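> Sequence unavailable; structure follows:
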């Protein structure tokens, strides 16, 4: 069904208030979820609000900086959801990088960190480069195994541009946890080759996959990147053996690339776009281009299409 | 033919002296090349010495730190080969990270940066975490194109362990430039699907590939990582439009993960190794394990097998 953007945002805010967040927190979470939905990352959009609500309730405490220097900070997320912790962590990193050219923030004791590109956009808006990595529950089997050992573990690099930024934001499994969650909600099958059931056999049943493991992206090389993200998360303060939807880590490194860097990024991006295309009708795209284009189109239209099963559940939660 | 390790090292040093390096420089380069050879990365081993010699001679100048703060440095490589520049850059980064917990070094005006894991080993030996990225000549076609736009662009993350480090060091093309160079030297074909000729048609001829382009690894996702490395290289001071075997950039971020991190890395690695394997005879491996095992075995044996065509050319160069 068609839902106006304002209405979708208000609905998300209401749900987040009902879950015990104050008005500012609810607005921060809703903005991130709606941006996911608008950018076509629907697994992390309105449907994600349901996953947040379904998590067993636990007492949370305010976020707290437990260690701080001019260029580094350690942020205890107090078991708050990652949308809040990630934003605070990036704000901290940006406040430090302005003065010193580089900064590192290690956030932990959090869960569901959202689209890392959301935080990268905060950095590139100030002309900074960011690397962000976030680990998670052990939903993903390493290359050569059929049992989970690391999370869907996104990693993201953001670069400011003169016209538009270049943001590379990927998950290190073929499909992500939210894909399986959404498929289960909508009663759909998973593609072949992306998941194992609890016994280690290939499966296309999302419920079986959620109690089994997802397949790492990119063979041995890609699986290695998933491990790297897990270790960066542990460095950020994640528990070594990850727990179910808690104790995630998020590491942010923010860098000041100097004044003329944005122009160089755009010059290089323009040159990449001129590369002779394999298919002349499909010129080479830069990472994040499609996302920005989709967002602009949806904002202009003013509405999104939402599956009724998702909308109904959100309405019930908000009531 | 069988060559003793001592003899191979001395031969490499002689060649590097003949190319105008002083004794210390020659030893640094030879150590790196021999370590590549011993670890089974033969494209970057003895054969690489020939590629260094074949590069058109240009005046080089001493490396120079052109900007420096407590946590950052910019290093002009003076068109010295990357084996020298990378080592100096990592030494600089480590001298800074000890005091401040994080450091960034941007090196540029260099070429052939070698195995990034070589520098990562310097960092993990001191209990530090390192991210290293290095861009290169535009030998690699982005996903969806058949023409070079970025280098084979390695990226590496190194983590200290209690027993052994975890080092992930990959190239972002399916095969690397040195693979094509070595295949051409040995008169071998390339595998299918890894290269285009100058007209953009698939090729297995290494000479055609070297005047065409290599295929990016990992489809759209992996190609995006190649772009990321190119942009990190540009941030480090590489020219925007890369030139032929010069003007490469190398970015190093060194981080202090705290005292108990190595134990956590080893605990996590042990847990990964226990994951139920797809093939019970092939337990899950951690990145860098094979490399360390191969190195230990070759060092114990005391010799390497070198193709005669490579050995003869090195002997001639050293004479």
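That came through fine. Computed from a predicted model, the values in this text were never measured in an experiment.
> any idea of the mean pLDDT in whatever helix or strand residue A:168 lives in?
In the assignment (DSSP states H and E), residue A:168 maps to strand A:166-170. The average pLDDT within strand A:166-170 is 98.
> That one and chain B in contact?
Yes. For strand A:166-170, a contact with chain B is found by C-beta under 8 Å from any C-beta of the partner chain, at A:166, A:168, A:170. For every residue, glycine as well, the C-beta is placed using N, CA and C.
> So what touches the worst-scoring helix or strand of chain A on mean pLDDT?
One helix or strand of chain A scores below all others by mean pLDDT, DSSP states H and E: helix A:177-186, with a mean of 93. Residues from elsewhere that reach helix A:177-186 (C-beta atoms under 8 Å, 6 or more residues apart in numbering or on different chains): A:42-44, A:47-48, A:50-51, A:136-137, A:139, A:151-152, A:188-190, A:195, A:206-207, A:209-210, A:214, A:307, A:309-310.
> In strands, which of these appear?
Judged by DSSP state E, strands contain the following of those: A:195, A:214.
> Which pLDDT value belongs to whatever residue of the stretch 51-200 of chain A ends up closest to chain B?
With C-beta to the nearest C-beta as the measure, residue A:145 is the residue of the stretch 51-200 of chain A nearest to chain B, at 3.7 Å. You'll see residue A:145 listed with a pLDDT of 98.
> Just the buried ones from the contacts of helix A:177-186?
Burial by neighbour count, judged by 16 or more other C-beta atoms under 10 Å in any protein chain shown, picks out A:42-44, A:47-48, A:50-51, A:136-137, A:139, A:151-152, A:190, A:195, A:206, A:209-210, A:214, A:310 from the contacts of helix A:177-186.
> so which of the residues of strand A:166-170 next to chain B comes closest to residue B:162?
residue A:170 (30.2 Å; C-beta to C-beta).
> From residue A:115, how far off is the nearest residue to that closest one once chain neighbours are set aside?
With C-beta to C-beta, 6 or more residues apart in numbering or on different chains as the criterion, residue A:170 has its nearest non-adjacent residue at 5.0 Å, and that residue is residue B:221. According to C-beta to C-beta, to the nearest Å, residue B:221 and residue A:115 sit 15 Å apart.
> Just list the residues touching the residue nearest to the spatial centre of chain A, thanks.
Compute the mean C-alpha point of chain A, and by C-alpha atoms, centre = their mean the closest residue is residue A:115, 2.3 Å away. Residue A:115 sits next to A:32, A:35-36, A:39, A:41, A:44, A:154, A:169 when contact means C-beta under 8 Å, 6+ apart.
> Can you tell me which of these is nearest chain B?
Looking across the contacts of residue A:115 and measuring by C-beta to the nearest C-beta, the closest to chain B is residue A:169, at 8.9 Å.
> Retrieve the pLDDT associated with the residue in the stretch 201-319 of chain A that chain B sits nearest to.
When distances are taken as C-beta to the nearest C-beta, the stretch 201-319 of chain A reaches nearest to chain B at residue A:275, 3.7 Å away. Residue A:275 is assigned 97 on the pLDDT scale.
> As a check, name the ranges of all helices in the stretch 201-319 of chain A.
With DSSP state H, counting those that start in this stretch, the ranges of helices along the stretch 201-319 of chain A come out as A:206-210, A:219-235, A:261-273, A:289-301, A:308-318.
> Reformat those helices as CSV; add distance to residue B:26.
Formatted as CSV, the helices of the stretch 201-319 of chain A follow (distance: least, C-beta to C-beta, whole Å):
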stretch, distance to residue B:26
helix A:206-210, 55
helix A:219-235, 33
helix A:261-273, 35
helix A:289-301, 47
helix A:308-318, 66
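> most tightly surrounded among these?
Among the helices of the stretch 201-319 of chain A, the stretch with the highest mean neighbour count (mean count of other C-beta atoms under 10 Å in any protein chain shown) is helix A:219-235, at a mean of 25.
> now the residue of the stretch 201-319 of chain A closest to chain B: how far from residue A:168?
Going from residue A:275 to residue A:168 by C-beta to C-beta gives 17 Å.
> Same check on residue A:50?
Distance of residue A:50 to residue A:168, given as C-beta to C-beta: 28 Å.
> Next: residue A:129.
Distance of residue A:129 to residue A:168, computed by C-beta to C-beta: 12 Å.
> Look up the residues that both of the two are in contact with.
A:157-158.
> if we can go back for a sec, so the residue of the stretch 51-200 of chain A closest to chain B makes contact with residue B:277?
Yes. Residue A:145 is in contact with residue B:277 according to C-beta atoms under 8 Å; the separation is 5.5 Å.
> what is in contact with those two at once?
Contacts common to residue A:145 and residue B:277, judged by C-beta under 8 Å, 6+ apart, are residue B:284.
> the more surrounded of these two?
For residue A:145 versus residue B:277, neighbours defined as other C-beta atoms under 10 Å in any protein chain shown are more numerous around residue A:145 (26 against 19).
> Quick one: residues contacting that one.
Contacts for residue A:145 (C-beta under 8 Å, 6+ apart) come out as B:275-278, B:284.
> could you redo those residues as a markdown table and give each row distance to residue A:13?
Shown next, in a markdown table, are the contacts of residue A:145 (distance: C-beta to C-beta, whole Å):
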| residue | distance to residue A:13 |
| --- | --- |
| B:275 | 41 |
| B:276 | 43 |
| B:277 | 47 |
| B:278 | 45 |
| B:284 | 44 |
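> from those, which are also near chain A?
B:275-278, B:284.
> now stretch A:240-260: how far from the chain's centre is it?
How far stretch A:240-260 lies from its chain's middle: 11 Å, per C-alpha atoms, centre = their mean, to the nearest Å.
> wait, does it contact chain B?
Yes. Applying C-beta under 8 Å from any C-beta, one finds stretch A:240-260 touching chain B at A:240-241, A:253, A:255, A:257-258.
> any idea how far residue A:127 is from residue A:255?
For residue A:255, the distance to residue A:127 equals 11 Å [C-beta to C-beta].
> neighbour-wise, which of those two wins?
residue A:255 (25 against 17).
> what sits against that one?
Residues in contact with residue A:255, defined by C-beta under 8 Å, 6+ apart, are A:97, A:101-102, A:128-131, B:104, B:235, B:253.
> could you dump those to a markdown table with secondary structure?
As requested, the contacts of residue A:255 are arranged in a markdown table below (DSSP: H, G, I helix; E, B strand; the rest coil):
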| residue | secondary structure |
| --- | --- |
| A:97 | helix |
| A:101 | coil |
| A:102 | strand |
| A:128 | coil |
| A:129 | strand |
| A:130 | strand |
| A:131 | strand |
| B:104 | strand |
| B:235 | helix |
| B:253 | strand |
